[in-house]
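Q: what's the 3D shape of this:
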Amino acid sequence: AEDLPEISKDPVCPVDAKEELLNECESIWKQMEECQSKLMLLEKETLSSDVKVRQSMMQVKALTAEYNQWQKRSPEIISTNPDVLLTLGMEELQKVKNDLEMVQSVLKLKDKQLEEDLKREQQWHEEQEQLLDLLNGLEEETKTQVEQLSKKSRAFHELRSKTLKLKIYKETILNALGEFLEEHFPLPEKGKTAKKKNYSQEPAVELLTLHKILEILINKIMSTPHEPYVTISDSFWPPYVELLLRYGVALRHPEDPNRIRLEAFHM
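A: I've put the predicted structure just below:
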């Protein structure tokens, strides 16, 4: 808002205009004193209560009629002197100017507060947009990770299913091998003399089946492929060991003949 034009606080008023205004004010004051004295006299009169009530009703009617007349009348100008009117007008203008300046200062203060609020709202809006962009980025990254994990999970389940199938197949093969070996390569019966002289004596320990020896050799080469050799113990029946060596199923250690290993058929 633009500043209001300055109005002179001490307007020049001719002496005659001031005297005229004072005389009119004194005349009005005298009329008011006369009315006051009349009212005092009326109050001092001794009248009966009925007369006072009727008089009061008449006064109410008269005052009401006068009030209605004053409501219809336009305000009279105190003075027709242009100097007096100029002085009064300048005073009223100065009052209006002061009121407008006060309103202007209040509006400036509110405008400044609104600007500060707008800056804060804009900053908050920018922060919310940055946060929204960050959350959108995290959402996209999370979706990508979920998709990757879903693919890995499917691959893992497929691999697990294949592993279970292989384990079942392995158990089936081992069971079939065990049945075949028990049928065609049984342990020697106790009390019978072996056909060969070297194996005529009964073993002092419990012998392992051919199936069990093969299982030991398979587990050893699978668990420790860098050290697949197994030491031949007394529980290994020599004919089984020679059978495995003769048909290339097992191999002796090049430096220790008491150790054998399974041939690496899977390599």
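
Q: for Phe236, phi and psi?
A: Listed backbone geometry of Phe236 is phi -80, psi 110, with angles given as degrees, to the nearest 10.

Q: that one reaches Leu210, doesn't it?
A: No. Counting by C-beta atoms under 8 Å, Leu210 is not a contact partner of Phe236; they are 9.8 Å apart. (Each C-beta comes from the backbone N, C-alpha and C, glycine too.)

Q: which one's more surrounded, those two?
A: Looking at Phe236 and Leu210 with other C-beta atoms under 10 Å, you find the greater number of neighbours at Leu210, namely 25 against 22.

Q: now do the same contact list for that one.
A: With contact taken as C-beta atoms under 8 Å, 6 or more residues apart in numbering, Leu210 is in contact with 181, 185, 240, 243.

Q: out of those, which is nearest to Glu126?
A: When the contacts of Leu210 are ranked by distance to Glu126 (C-beta to C-beta), Leu181 comes first, at 80.1 Å.

Q: which residues of the stretch 51-200 of the chain fall in helices?
A: For the stretch 51-200 of the chain, applying DSSP state H, counting those that start in this stretch gives helices covering 82-184.

Q: any weak-confidence spans in it?
A: Regions of the stretch 51-200 of the chain meeting the criterion pLDDT under 70 cover residues 51-52, 73-79, 190-200.

Q: swap in 80 and give it another go.
A: By pLDDT under 80, the low-scoring segments of the stretch 51-200 of the chain are 51-56, 66-67, 69-81, 84, 189-200.

Q: picking up where we left off before, which residues do Phe236 and Leu210 both contact?
A: Listed contacts common to Phe236 and Leu210 are nil; contacts here mean C-beta under 8 Å, 6+ apart.

Q: ok so Arg261 is a helix residue?
A: No. Arg261: not assigned to a helix; according to DSSP: H, G, I helix; E, B strand; the rest coil it is strand.

Q: which strand residues bridge it?
A: Arg261 forms beta bridges with Leu251, as assigned by DSSP bridges.

Q: ok, it to Lys212 distance?
A: When distance is defined by C-beta to C-beta, to the nearest Å, Arg261 is 16 Å away from Lys212.

Q: can I have the buried ones of the contacts of Leu210 as a ChimeraX selection?
A: Burial among the contacts of Leu210 is assessed by 16 or more other C-beta atoms under 10 Å; the matching ChimeraX selection reads:
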select :181,240
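
Q: between the contacts of Leu210, which is closest to Val96?
A: When the contacts of Leu210 are compared for distance to Val96 (C-beta to C-beta), Leu181 comes out closest, at 122.5 Å.
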